[in-house]
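Undergrad: one predicted model, sequence on top.
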Amino acid sequence: MAPRTLQQKLAILSDAAKYDASCASSGTDRRSSRDGSGLGSTTGSGICHAYAPDGRCISLLKILMTNFCIFDCAYCVNRVSSNVERARFTPEEVVQLTLEFYRRNYIEGLFLSSGIIRSPDQTMGDMVRIARTLRVEHNFRGYIHLKTIPDAAPELIAEAGLHADRISINVELPTDAAVKSYAPEKDPEGIRRAMADVRLRKEASKERSHTGKRPPRFAPAGQSTQMIVGADNSTDATILGQSTRLYSSYKLKRVYYSAFSPIPDASAKLPLIRPPLAREHRLYQADWLLRFYGFDVNEITGSAKDGNLDLDIDPKLAWALANRHHFPLDVNRASREMLLRVPGFGTKTVGRILTTRRHRSLRYDDLTRMGAILKKARPFITLTDWSPGALTDSARLRAAFAPPPEQLSLF
């Protein structure tokens, strides 16, 4: 068999990377090459993004170093027992692609993941070598996100954090039992130890020595993790509860939810619990409520008998409909905490409301100018010139927001 060309490898390994959730360069250091001393930038427009057909927001150069893997995780298309087309980049090829794509203005950063080939240390060592070559030899100042390997030696992960803007370590699945069932070669405790080590190194990088010298930066955009949802029987309440613990324990920037879709392979006997992409979308919305709107997991999932989010309406609206005794809310008097719970009100809108009402009473048109989504909000609020009347308690209110029923096709 003839060796694969770089173009053929790129086609295989960029497609294989679509299952890895990535992120933008938010939170990283401001670096620019406008002074002529380097290559790339994280300032200005930041990382270029592309939207994949399934709705994911991805970095433009998002690749696996290799999709060969010695592990046999049941949910992974690249597992050792999977019959997929394989390829492998050398570290030099990844460096070449990154630099050439940047020079052609295709990208402003690199997201690099990999299957495990030979050993975790061998694979992690090659990934670190790529990041070090870009930073040290080519003075690359663009964004780098490395998806690290928890089983690798701690010193390799430590060096990865010196060159990458963000590093991530996957928790894989929502529970330890699920990991042991579907990825028995992976150790949940080892994953958590690696994540804790990253947090400690990140915190230590912020402390000055007794002479006032600041230590080398370490993953300035922090760490994130990825969780496969739908491959096991975990409910949304379990998933969000685990996410809350991860945010608290490891100071994560993001938990990424990756919807599991069954792989067309007879050896992968995993259930498809709920429509995957719709569920993923609702989990991201709920995660946002937990992080920025003051909700807790029990509030978001408490109204569902099975512990799962409503797929037809967003989690904040579902909560409001289940807690109508809190509404309608007087926008001119309500606390920030309660305003954040009004469907159609975002954090910026609430901030504008609080600022404006110090000087005068708000009217319906004011909320329109502030960016509120009044189609959702108006059944739940009162204003100087607006009252929902009996709309808040209407038995048909949910039907006004849920998608209309569709006739199923027989073909």
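TA: Sure thing, it's come through.

Undergrad: helix, strand or coil for the residue nearest the centre of the chain?
TA: Closest to where the C-alpha atoms of the chain average out (CA atoms, centre = their mean) is residue 256, at 3.0 Å. Judged by DSSP: H, G, I helix; E, B strand; the rest coil, the three-state class of residue 256 is strand.

Undergrad: state the pLDDT value of the residue lying closest to residue 321 once chain neighbours are set aside.
TA: Distances taken as CB to CB, 6 or more residues apart in numbering place residue 398 nearest to residue 321, at 5.4 Å, with adjacent residues excluded. (C-beta placed from N, C-alpha, C; glycine too.) For residue 398, the model assigns a pLDDT of 93.

Undergrad: cool, and residue 35?
TA: On pLDDT, residue 35 comes in at 55.

Undergrad: neighbours of the closest residue to residue 180 other than its chain neighbours, just the number please.
TA: Nearest residue to residue 180, sequence neighbours excluded (CB to CB, 6+ apart): residue 188, at 7.5 Å. Using other CB atoms under 10 Å, residue 188 is surrounded by 18 other residues.

Undergrad: residue 188 reaches residue 178, doesn't it?
TA: No - assessed by CB atoms under 8 Å, residue 188 is found out of contact with residue 178, at 9.3 Å.

Undergrad: before we move on, the earlier item: which element is the residue nearest to residue 321 on?
TA: If you go by DSSP states H and E, residue 398 is part of helix 397-401.

Undergrad: so which elements touch that helix?
TA: Helices and strands touching helix 397-401, by 3 or more CB pairs under 8 Å, 6 or more residues apart in numbering; DSSP states H and E, are helix 315-322.

Undergrad: pLDDT weak spots in the protein?
TA: 1, 22-60, 262-274, 405-411 (pLDDT under 70).

Undergrad: if you set the cut-off to 50 instead, what comes out?
TA: By pLDDT under 50, the low-scoring segments of the chain are 24-27, 42-48, 50-54, 56, 58, 264, 266-267, 410-411.

Undergrad: ok, residue 219 - contacts?
TA: Residue 219 sits next to 161, 164, 165, 166, 167, 198, 201, 202 when contact means CB atoms under 8 Å, 6 or more residues apart in numbering.

Undergrad: nope, residue 385 is what I was after
TA: 363, 364.

Undergrad: ok, now how distant is it from residue 361?
TA: 9 Å (CB to CB, to the nearest Å).

Undergrad: what is the helix or strand hosting residue 243 packed up against?
TA: For residue 243, the element it lies in under DSSP H and E is helix 236-250. Secondary-structure packing of helix 236-250 (3+ CB pairs under 8 Å, 6+ apart): helix 188-204, strand 223-229, strand 254-259, helix 276-292, helix 297-301.

Undergrad: contacts for it, please.
TA: By CB under 8 Å, 6+ apart, the list of residues contacting helix 236-250 reads 171, 174-175, 192, 195-196, 198-199, 223, 225, 227, 229, 252, 255, 257, 279, 282-283, 286-287, 290-291, 296-298, 300-301, 304, 307-309.

Undergrad: that helix versus helix 315-322: what angle between them?
TA: In terms of direction (axes from the mean of the first three to the mean of the last three CA atoms, to 10 degrees), helix 236-250 departs from helix 315-322 by 120 degrees.

Undergrad: would you map out the domains in this structure?
TA: 6-207+216-233, 323-401 (automatic domain parsing).

Undergrad: okay, these in a markdown table with distance to residue 246 next?
TA: What follows is these, written out as a markdown table (distance: least, CB to CB, whole Å):
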| stretch | distance to residue 246 |
| --- | --- |
| domain 6-207+216-233 | 6 |
| domain 323-401 | 22 |
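
Undergrad: just give me the neighbour total for the closest residue to residue 357 other than its chain neighbours.
TA: The shortest distance from residue 357 to any non-neighbouring residue, by CB to CB, 6+ apart, is to residue 332 (5.5 Å). When neighbours are defined as other CB under 10 Å, residue 332 has 16 of them.

Undergrad: contacting residues around residue 332?
TA: Counted by CB under 8 Å, 6+ apart, residue 332 has contacts 357, 361, 362, 383, 384.

Undergrad: show me what the helix or strand hosting residue 350 is packed up against.
TA: Taking DSSP H and E as the definition, residue 350 sits inside helix 347-356. Applying 3+ CB pairs under 8 Å, 6+ apart, one finds that helix 347-356 contacts helix 336-339, helix 364-370.
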